[in-house]
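*Asks:* Sharing a model prediction with you, sequence too.
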Amino acid sequence: MNPNHCDFPSGLGTPAAPEDPFIPDLSAIARALAGRQSARVIEPGEDAERPLTAALGRLLPVEALQDASQAPVDVAFIHLHPQLTLLVQKLYAVREALTPTTLLCGPGGDRLAVLPALHILLQQFIEHFRIEDGFWIAQPEGIAHLQQLPAFEDISHLVQQVEVDLQTEMETIDAPAVAECAAAVESISGDAVAAAVRLLLEREPGSAEIETLIKGSGTLSEVRNRILRSDEFKHQNAALFWHTFSANEAPMQIQLNTTDQERGLLLEHIQSSWEHLGATEPHWSVLTNEQFRQKHIAENEEAFYQSGKHHVDALWRSLQRVGVDPGAFSSCLEYGCGLGRVTRWLAERFDTVYGYDISSAHLQGAGNYLSRAGIDNVVLQTVTSPGEVENLAAVDVVYSLIVLQHNPPPVIALIVRGLLAALNPGGVAYFQVPTYQRDYAFSSTKYLSAALSAEKEIEMHVLPQSEIFAIASQSGAQVLEVFEDACTGIIDGGRSNTFIIQKNH
């Protein structure tokens, strides 16, 4: 007898109550398999018993498959896991064995309101699914969507970033709110809708909003879906959403050839905006979170500076991942150091750190903070002209995060050239740049004309990957790694990348 085959009486009858109280009722699965005499089932990542496979085996003959190489698969059960990365790995483990008629499903569909990781998994990787009797069940177009996604190794870093952001989000949610929302899952009362708004949008709903959500939704699941798909939720949780490229994106129209005078005017405009922000909302302009507004910063300043530590930890791990020993370097340059949020942690890793910024207001705040913290190995310098960007201090490592994106493309290119020129032989650059945005275009003439009357605000720009690759080649450097990150609020049709580039010896 095949040890992976479970022989049970033929015929699909009424599902019996599962012996294991943690295995949900299989009524929805039984209905979906109506008419079948047997099923080839895969249940990745579970123990030898395969609980859902065994439960289904009480209803009809089941062949339990060990892996996706035994395709085709009739049923693929995907269990929940608190780690988003493992959930995605399970999906990828079975996707090549799926067909349009495969029943791709899993328990937990009735818990999406209090399981944001599962909801985001389904939205991003399945997209088309339904909820039935406690199960989420992929539609055929959802299976097709999953099979069109990039290879797991190409997106694993992004999944890990989303996982970190999810954990951070959940840590901020009050347990009573979770319990209130969980208790309301089966109801669509006004109290249930209000609880969902408080949990997911972190604010009090208005009576008209509650009434609109109830009238426009047949179930609480639909209420939840409407909230999670709203622009408000996506704006508040930008890093939890991304759209992979389809390879059909149109080219952007970006003017990079500018005169020295134009580059000077571009930099002058950006500097004016950031001097204003540095004088009015210095912390918020660095991290655009309401808790870092001036009216709240007294109680949140420590959290603001602590948030920079994990960026330096990520730098260290990234250099080690590409075969570079960060401990061999003694000097570092941070471009766009702002208030010293990351600088102070770089100062713990390097003998000397140079902090550059175009805003003297921000640099004054950085100097005051570093002095209070007793950090004396940082040299702060204001950048006021393109010539200064081209003559930065020579260092072993250059670093820039959520900075270049606020400059027009010709200025981003200027800065990247300056950063690579500043590297000592064998030195490494680690910087982030948005590299694509649907419908983005740039003309220096149009931009400078509009800048004369524009408000002083935070701008978002991009520079294509191809331009950065060209600059690296022209600078005598090689690209060691490029990975997608979640650093920008650009979501639909956009892409942000972190580059690791090494200067040739």
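*Replies:* Done, it's in. Numbering: from 1, shown residues only.

*Asks:* Just give me the longest strand of this protein.
*Replies:* Ranked by number of residues, the top strand in the chain under DSSP state E is strand 423-437.

*Asks:* got a list of contacts for the helix or strand following that strand?
*Replies:* Helices and strands here follow DSSP states H and E; after strand 423-437, the next one along the chain is strand 441-442. In this structure, residues lying in contact with strand 441-442 by CB atoms under 8 Å, 6 or more residues apart in numbering are 252-255, 408-409, 461. In this view, the C-beta of every residue, glycine as well, is placed from N, C-alpha and C.

*Asks:* C-terminal to strand 441-442, what's the next element?
*Replies:* Heading C-terminal from strand 441-442 (DSSP H and E), you reach helix 444-451.

*Asks:* Low-confidence bits of the stretch 51-200 of the chain, can you list those?
*Replies:* Judged by pLDDT under 70, the stretch 51-200 of the chain has its weakly predicted residues at 81-82, 110-118, 157, 161-187.

*Asks:* Going along the chain, name the helices of it.
*Replies:* Secondary structure of the stretch 51-200 of the chain (DSSP state H, counting those that start in this stretch): helices at 51-56, 84-94, 116-121, 140-148, 152-171, 175-183, 190-201.

*Asks:* what does the stretch 401-505 of the chain give?
*Replies:* Counting by DSSP H, counting those that start in this stretch, the stretch 401-505 of the chain has these helices, from start to end: 409-421, 444-451, 465-474.

*Asks:* so how far is L52 from T99?
*Replies:* Taken as CB to CB, to the nearest Å, the spacing of T99 relative to L52 amounts to 19 Å.

*Asks:* Those two: who's more crowded?
*Replies:* When neighbours are counted by other CB atoms under 10 Å, L52 comes out ahead of the other of T99 and L52, with 25 against 13.

*Asks:* Which residue is the nearest non-sequential neighbour of the more buried one?
*Replies:* Taking CB to CB, 6 or more residues apart in numbering, and ignoring the residues beside it in sequence, L52 has F77 as its nearest neighbour in space, at 4.4 Å.

*Asks:* Nearest to S207 among the contacts of strand 441-442?
*Replies:* Minimum distance to S207 across those is 41.7 Å, recorded for H461 (CB to CB).

*Asks:* quick one: that closest one from T53, how far?
*Replies:* As it turns out, when the distance is counted by CB to CB, H461 lies 52 Å from T53.

*Asks:* Then N300?
*Replies:* N300 sits at a distance of 50 Å from T53 (criterion: CB to CB).

*Asks:* Where does pLDDT dip in the stretch 401-505 of the chain?
*Replies:* Filtered on pLDDT under 70, the stretch 401-505 of the chain yields the residue ranges 452, 489-492.

*Asks:* 50 instead, please
*Replies:* Using pLDDT under 50 as the threshold, the predicted model of the stretch 401-505 of the chain has low-confidence ranges 490.

*Asks:* Could you pick out the buried ones from the contacts of strand 441-442?
*Replies:* Buried positions within these, assessed by neighbour count (16 or more other CB atoms under 10 Å), are 252, 254-255, 408-409, 461.

*Asks:* Now do the strands in the stretch 151-300 of the chain.
*Replies:* 253-254 (DSSP state E, counting those that start in this stretch).

*Asks:* tell me how far the longest strand of the chain is from the chain's mean position?
*Replies:* 20 Å (CA atoms, centre = their mean, to the nearest Å).

*Asks:* Name the residue in N300 and T53 with the higher neighbour count.
*Replies:* Per other CB under 10 Å, whichever of N300 and T53 has more neighbours is T53, with 20 against 16.

*Asks:* Would you agree that one is in contact with A76?
*Replies:* No - assessed by CB atoms under 8 Å, T53 is found out of contact with A76, at 10.4 Å.

*Asks:* how does the chain divide into domains?
*Replies:* Using automatic domain parsing, the domains assigned to the chain come out as 5-165, 173-240, 256-503.
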